[in-house]
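K.L.:
okay, sequence plus prediction incoming.
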Protein chains: 2
Amino acid sequence: MSNDSPSAPAPTVREVAQLAGVSPMTVSRTLSGGKNVRAEVQQRVLDAVAALGYHRNENARSIRPGHSSGLIGVAITNLANPYYGQFALGVEEVVAQHGRRMVLGNSGEDLGRETQLVADFVGRQVEGLIVVPTGGGAEHLQPARLGQIPVVLASRAVEGLEADTVLLDDVNGAYEATKRTIDAGHRRIAFLGNAVSVSTASRRFDGYSRALTEAGLAVDPELVLRGQQDVHAARIAMERLLDLADPPTAVFSANNRNTIGALHAIGARQRAGALPVTPTLVGFDDVELADLMQVPLLIVSHDPRALGAEAARMLLERLDGPAADSPPQLVELPVSVGRLPE
Amino acid sequence: MSNDSPSAPAPTVREVAQLAGVSPMTVSRTLSGGKNVRAEVQQRVLDAVAALGYHRNENARSIRPGHSSGLIGVAITNLANPYYGQFALGVEEVVAQHGRRMVLGNSGEDLGRETQLVADFVGRQVEGLIVVPTGGGAEHLQPARLGQIPVVLASRAVEGLEADTVLLDDVNGAYEATKRTIDAGHRRIAFLGNAVSVSTASRRFDGYSRALTEAGLAVDPELVLRGQQDVHAARIAMERLLDLADPPTAVFSANNRNTIGALHAIGARQRAGALPVTPTLVGFDDVELADLMQVPLLIVSHDPRALGAEAARMLLERLDGPAADSPPQLVELPVSVGRLPE
DNA sequence: TTGTGCGATGGTATCGTTACCAAACTCGAC
DNA sequence: GTCGAGTTTGGTAACGATACCATCGCACAA
């Protein structure tokens, strides 16, 4: 009902107090529960709050001793990947249940941006950090740099950094999926992966190669293509595999970007009638619609939302839990390996 | 190098000053550019900052007059939808370029949570808001409630709210796609849509029905199914259409959730060999892999990242631009309508 | 030598809020 | 009517950072 001047600053507790005819303290008390304030006075205060459109200044509150900001800083690598949208959702849901808010930044797989993000989060007095590390550097996450702010690493580990970490069971997922592919009779199984420096990529490669080795199969360098960070690069890599003199009969893809790229390459050749034998695709991460493709498919599936939720839970345990000083924990969430068709 | 006590509070400018043997003012000056501070003193200060792991408290800074928080509040409806991940990415990129940070909240299509989110953002002194409104209420976004904080509505408009708005060209996109479907010979074209209260849904329905009407076709209530908010509901709706005595030869789907659900329904029947005629699918929003499906498909595509970027640009124009008081603007971003196969 | 001007530095007050203490008031018991 | 206990209210200081003004010192010109 009231818009004083065109560029009035936000109203303060003082102005509310004046309008209600009380002291600022009474306003403050009313807004934090109303203990020891007469009901009639409370009503006057609340009316004044509504009339002025007053909101407590959380930043001012947060500089007072004992009070904290209620912010959780989240740095992820690629918001364009639906996987990380789900991850962020899981984080958001859990922290919101605990009265916190999420500040989200996107590093774009760039260590410099990640470092900047983290420094900014700290300056904003976040209570804790959840980071999907780009890898390639840990300096900016060391406790000496962060002071008392706890950090949880999600999805990827960082060497040389002691911190709570939540991962997927990458190694076993990749191992199990590759093993089932071998059991189905495949002998030439290729590998498509993202950047080697990313810990998920190397863990999944480890599972893949362990399964091959255990079955007495060699890891053929010709069939291992790594470093594809987006769908386009993955498609080109898959085309290279299809063009080999002796193409693989199955392909293990280490993440959903690579799976989608591979499906595009396969789909294009199918339509062109230029694919004598359709390779079996084994992919880590769920892909919407993948189950409808005309390609034999085995998915190692998991729930990124649960991953985010678990990271948030670990962080809140440090913040609110009793054992805030316990040693860093490592949690590996299970993945589920589907079944190959027929 | 230094971790005093197990639970030391974050160091303050005072402690840095003491360690460097200067006054807090000199520290402050050094950290904001170093004007009028001797180089040698600056170095001492910077050493002390590094030794203590000091970060300026942005919250304390932000309560000083003239200084603002650098935060942009973003409320979206469904982070699980890849579309909104891309949208958030567009926002983040643009605001980061302007030295701001994004605080992201997910409303889950719930007006109560949206209201709470917005109030919280205001309390945290965000400089501006970007909201994808759930619809069904505008009270919490009225200028009287927000004070001087500018708001940009994205993707969906809100009736009775004067605010900058950026939409897609929903009506024309739906009209054009429907028209091309009619031109291709289809006469029974169904409609699958999300909640009627969502403005995109009704705008796209408008375009659909206008195209039908102009072609002298009636909107058949039997063929219009609305209110499907997720993939599962959409699949069931599509199955109902397929079960009709006289099923549609084409289906217009108003968003990607409905498109994916419809593809699942169609795909399942195709595999079961229970689909005499595969209907043509016309869908708003891009869908990864949709182009590889064995279904005649026409996509009305657009770039959610550009939508987010545009919303951020409009907001920053209000904040930093010269014409901060100009009347609310409405921008409609173009969509691109593909071509029907053969 | 004295004066002038400028660069370097520190003291103080302030932003919005609330913890702490003191003061004023209410009510019932004697 | 007086006292004490409990409730309600307000004043003051402090959180961390910095704008503003005062002060100090130095170099150079007269």
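P.N.:
Nice, thanks for sending it over.
K.L.:
I'd like the average pLDDT over stretch A:101-117.
P.N.:
The average of the pLDDT scores along stretch A:101-117 is 91.
K.L.:
for the stretch 151-300 of chain A, what spans make up the strands?
P.N.:
Using DSSP state E, counting those that start in this stretch, the strands of the stretch 151-300 of chain A run over A:151-154, A:164-168, A:189-193, A:224-226, A:250-253, A:280-284, A:297-301.
K.L.:
show me the contacts for residue A:68.
P.N.:
By CB atoms under 8 Å, 6 or more residues apart in numbering or on different chains, residue A:68 lies in contact with A:62, A:125, A:127. C-beta here means a position set from N, CA and C on the backbone, and glycine is covered the same way.
K.L.:
just the element for it, please.
P.N.:
Per DSSP states H and E: residue A:68 is located in neither a helix nor a strand.
K.L.:
residue A:156 is in contact with residue A:198, isn't it?
P.N.:
Yes - counting by CB atoms under 8 Å, residue A:156 does reach residue A:198; the two are 6.1 Å apart.
K.L.:
what about those two, which has more around it?
P.N.:
The residue with more neighbours, out of residue A:156 and residue A:198, is residue A:198; 25 against 22, by other CB atoms under 10 Å in any protein chain shown.
K.L.:
quick check: the gap between the more buried one and residue A:175.
P.N.:
18 Å (CB to CB, to the nearest Å).
K.L.:
ok, residue A:77 next?
P.N.:
Residue A:77 sits at a distance of 25 Å from residue A:175 (criterion: CB to CB).
K.L.:
doesn't residue A:130 belong to a helix?
P.N.:
No - assessed with DSSP: H, G, I helix; E, B strand; the rest coil, residue A:130 is strand; it does not lie in a helix.
K.L.:
is it bridged to anything, and to what?
P.N.:
Here residue A:130 sits in beta bridges with residue A:74, residue A:152, going by DSSP bridges.
K.L.:
residue A:331 looks like it's in a strand, true?
P.N.:
Yes - applying three-state DSSP, one finds residue A:331 inside a strand.
K.L.:
re earlier: tell me which of the strands of the stretch 151-300 of chain A sits nearest to residue A:332.
P.N.:
Nearest of the strands of the stretch 151-300 of chain A to residue A:332, taken as CB to CB: strand A:164-168 at 5.1 Å.
K.L.:
other SSEs contacting that closest one?
P.N.:
Using 3 or more CB pairs under 8 Å, 6 or more residues apart in numbering or on different chains; DSSP states H and E, the elements in contact with strand A:164-168 are strand A:151-154, helix A:199-214, helix A:304-320, strand A:330-333.
K.L.:
kindly export the third one (C-alpha atoms) in CSV.
P.N.:
Coordinates of each C-alpha in helix A:304-320 appear next as CSV, following Å, rounded to 0.1, in the frame of the first residue of the first chain:
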residue,chain,number,x,y,z
PRO,A,304,22.2,-38.2,-9.5
ARG,A,305,19.6,-36.7,-7.3
ALA,A,306,20.4,-39.2,-4.6
LEU,A,307,24.0,-38.3,-5.0
GLY,A,308,23.3,-34.6,-4.4
ALA,A,309,21.1,-35.5,-1.5
GLU,A,310,23.8,-37.6,0.1
ALA,A,311,26.5,-34.9,-0.4
ALA,A,312,24.1,-32.4,1.3
ARG,A,313,23.5,-34.9,4.1
MET,A,314,27.2,-35.4,4.8
LEU,A,315,27.7,-31.6,4.8
LEU,A,316,24.9,-31.0,7.2
GLU,A,317,26.2,-33.7,9.5
ARG,A,318,29.4,-31.7,9.8
LEU,A,319,27.5,-28.6,10.5
ASP,A,320,24.7,-29.7,12.8
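K.L.:
coming back round to it: which residues do residue A:156 and residue A:198 both contact?
P.N.:
residue A:135.
K.L.:
quick check, the residue in the stretch 151-300 of chain A closest to DNA strand C?
P.N.:
residue A:151 (27.5 Å; CB to the nearest atom of the strand).
K.L.:
burial count for that residue?
P.N.:
25.
K.L.:
please apply the same query to residue A:223.
P.N.:
Residues near residue A:223, counting by other CB under 10 Å, number 21.
K.L.:
how about it, what does it touch?
P.N.:
A:188, A:189, A:190, A:191, A:241, A:244, A:248.
K.L.:
quick one, which of those residues are buried?
P.N.:
Buried by 16 or more other CB atoms under 10 Å in any protein chain shown: A:188, A:189, A:190, A:191, A:241, A:248, out of the contacts of residue A:223.
K.L.:
so what pLDDT did the fourth one get?
P.N.:
This means residue A:191. 98.
K.L.:
how about residue A:85, what does it touch?
P.N.:
Residue A:85 neighbours (CB under 8 Å, 6+ apart): A:79, B:79, B:80, B:81, B:82, B:84, B:85, B:88.
K.L.:
nearest to DNA strand C, of the residues you listed?
P.N.:
The nearest member of those to DNA strand C, counting by CB to the nearest atom of the strand, is residue B:88 at 28.8 Å.
K.L.:
chain center to the helix or strand the closest one falls within: distance?
P.N.:
According to DSSP H and E, residue B:88 maps onto helix B:82-97. With CA atoms, centre = their mean, to the nearest Å as the basis, helix B:82-97 stands 8 Å off its chain's centre.
K.L.:
tell me the pLDDT at residue A:5?
P.N.:
At residue A:5, pLDDT is 43.
K.L.:
what residues are up against the residue of the stretch 201-342 of chain A at minimum distance from DNA strand D?
P.N.:
Here the stretch 201-342 of chain A gets closest to DNA strand D at one residue, residue A:319, 18.4 Å apart by CB to the nearest atom of the strand. Residue A:319 makes contact with A:127, A:128, A:150, according to CB under 8 Å, 6+ apart.
K.L.:
burial count for the last one?
P.N.:
Using other CB under 10 Å, residue A:150 has 20 other residues around it.
K.L.:
ok, it to chain B distance?
P.N.:
Remark: distance between residue A:150 and chain B (CB to the nearest CB, to the nearest Å) = 12 Å.
K.L.:
before we move on, back to that, okay, the helices and strands packed on strand A:164-168, which one's buried deepest?
P.N.:
strand A:151-154 (a mean of 27; mean count of other CB atoms under 10 Å in any protein chain shown).
K.L.:
counting contacts, what elements does it pack onto?
P.N.:
strand A:128-131, strand A:164-168, helix A:304-320.
K.L.:
any idea how far that strand is from the chain center?
P.N.:
10 Å.
K.L.:
coming back round to it: now tabulate the helices and strands packed on strand A:164-168 in JSON lines and tack on distance to residue A:183.
P.N.:
Listed next are the helices and strands packed on strand A:164-168 as JSON lines, based on distance: least, CB to CB, whole Å:
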{"stretch": "strand A:151-154", "distance to residue A:183": "32"}
{"stretch": "helix A:199-214", "distance to residue A:183": "10"}
{"stretch": "helix A:304-320", "distance to residue A:183": "28"}
{"stretch": "strand A:330-333", "distance to residue A:183": "24"}
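K.L.:
run through who's touching stretch A:287-294.
P.N.:
A:82, A:256, A:259-260, A:263, A:266-267, A:270, A:278, A:283, A:297, A:299, B:82, B:260, B:263-264, B:267, B:287-290, B:292-294.
K.L.:
cool, and stretch A:45-59?
P.N.:
A:1-2, A:10-13, A:15-17, A:19-20, A:22, A:26-27, A:30-31, A:37, A:69-70, B:59-60, B:62-63, B:69, B:119-120, B:122-125, B:144-147.
K.L.:
how is chain A partitioned into domains?
P.N.:
A:13-56, A:71-162+A:305-333, A:170-301 (automatic domain parsing).
K.L.:
residue B:329: which of the ones you listed is closest?
P.N.:
That would be domain A:13-56 among the domains of chain A, by CB to CB, at 23.6 Å.
K.L.:
distance of residue A:311 from residue A:255?
P.N.:
18 Å.
K.L.:
quick revisit: close to chain A, is the very next helix or strand once past the helix holding residue B:88?
P.N.:
Downstream of helix B:82-97, the next assigned helix or strand under DSSP H and E is strand B:101-106. Yes - counting by CB under 8 Å from any CB of the partner chain, chain A is contacted by strand B:101-106 at B:101, B:102, B:103, B:104, B:105, B:106.
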